[in-house]
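1. After the sequence you'll find the predicted model.
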Amino acid sequence: MSPSAKSLGAWSATLALVFSVTYDIGQIAEWLGWLGSKGGPESMSTPLGIAILLTPSLLLGPSFLLVMVCIHEFAAPARKVWSHAAVAFATVYLVMIAINYYVQLTWVMPRLEAGRTAGMEQFLFVPFDSFLYAVDILGYSFMSLAALFAAMVFGHAGRERTARRFLIATGAVLPFIALQMYWHWFIWIAAAWAIAFPAAMWAVGRVFREAPEAGEAARA
């Protein structure tokens, strides 16, 4: 890898790790009712909950896409078809969730806080029962696809094996994310993302930091 790709990949993976863990903590607090909602996965968030949950989620999107771009740079030529697919699906994920969360944070949240929600009911983020929740889980389904394709870049030994396994684990929750609108209890299995994804970003970051820079292999 070039020095710039190594640096960007390591930093992007670190940021994705931080943003995902921040979201995880916020989601636990939300389900426990600490952010003003009724608690549990089916309760609508308060303005405070929206801010705490969606701010790191919005920032996670570009961080994850940059990680996928750097995996594409890391990939061996024979495996770049997998990393290219990962970049494509990560781009779809970013576009979908960025529009969703930006609308929630800048348009819905202020009006929800002011009690001015008449006429905008279709834009409220109601778990399992709203248009934008469906958009959200579709976006994360594309993230899972990106993780699965990215896993194919890494080998079966050492740090690459660890990254590969956690990326596959992140992708494995895909059906439980995508089908939550039909079977709400799937969210409890999909919650494995909260462990698998941060672990994947940690493992990928280690691969980037320890990857040889361009020219080092030839000198060796």
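-> Here it is on my side, so go on.
2. can you give me how far stretch 69-83 is from the chain middle?
-> The offset between the C-alpha centroid of stretch 69-83 and the centroid of the whole chain comes to 20 Å, using C-alpha atoms, centre = their mean, to the nearest Å.
3. what's the model's confidence in that stretch, averaged?
-> Mean pLDDT, stretch 69-83: 96.
4. gap between the two ends of it?
-> Start to finish, the residues bounding stretch 69-83 are 8 Å apart (C-alpha to C-alpha, to the nearest Å).
5. quick one, helices of the chain?
-> For the chain, the helices defined by DSSP state H cover 3-31, 47-74, 80-103, 109-114, 131-151, 158-172, 174-178, 186-190, 193-210, 216-219.
6. Next, the contact list for G139, please.
-> G139 sits next to 92-93, 96-97, 100 when contact means C-beta atoms under 8 Å, 6 or more residues apart in numbering. In short, each C-beta sits where N, CA and C put it, glycine included.
7. at 6 Å what do you get?
-> 93, 96-97 (C-beta atoms under 6 Å, 6 or more residues apart in numbering).
8. quick one: it from T91, how far?
-> Here the criterion is C-beta to C-beta, to the nearest Å. By it, G139 lies 11 Å from T91.
9. one step back: which one, of the helices of the chain, ends up nearest to E121?
-> helix 131-151 (9.9 Å; C-beta to C-beta).
10. Alpha carbons of that closest one, as PDB, please.
-> These are the backbone C-alpha positions of helix 131-151, laid out as PDB (Å, rounded to 0.1, in the frame of the first residue of the first chain):
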ATOM      1  CA  PHE A 131     -40.900   4.900   5.500                       C
ATOM      2  CA  LEU A 132     -37.600   6.200   6.700                       C
ATOM      3  CA  TYR A 133     -37.000   3.200   9.000                       C
ATOM      4  CA  ALA A 134     -37.400   1.000   6.000                       C
ATOM      5  CA  VAL A 135     -34.900   3.100   4.100                       C
ATOM      6  CA  ASP A 136     -32.500   2.800   7.100                       C
ATOM      7  CA  ILE A 137     -32.500  -1.000   7.300                       C
ATOM      8  CA  LEU A 138     -32.200  -1.200   3.500                       C
ATOM      9  CA  GLY A 139     -29.100   1.000   3.800                       C
ATOM     10  CA  TYR A 140     -27.600  -1.200   6.500                       C
ATOM     11  CA  SER A 141     -28.400  -4.200   4.300                       C
ATOM     12  CA  PHE A 142     -26.100  -2.700   1.700                       C
ATOM     13  CA  MET A 143     -23.400  -2.100   4.300                       C
ATOM     14  CA  SER A 144     -23.600  -5.800   5.200                       C
ATOM     15  CA  LEU A 145     -23.200  -6.700   1.500                       C
ATOM     16  CA  ALA A 146     -20.200  -4.400   1.300                       C
ATOM     17  CA  ALA A 147     -18.700  -6.100   4.400                       C
ATOM     18  CA  LEU A 148     -19.200  -9.600   2.800                       C
ATOM     19  CA  PHE A 149     -17.500  -8.600  -0.400                       C
ATOM     20  CA  ALA A 150     -14.700  -6.800   1.400                       C
ATOM     21  CA  ALA A 151     -14.000 -10.000   3.400                       C
END
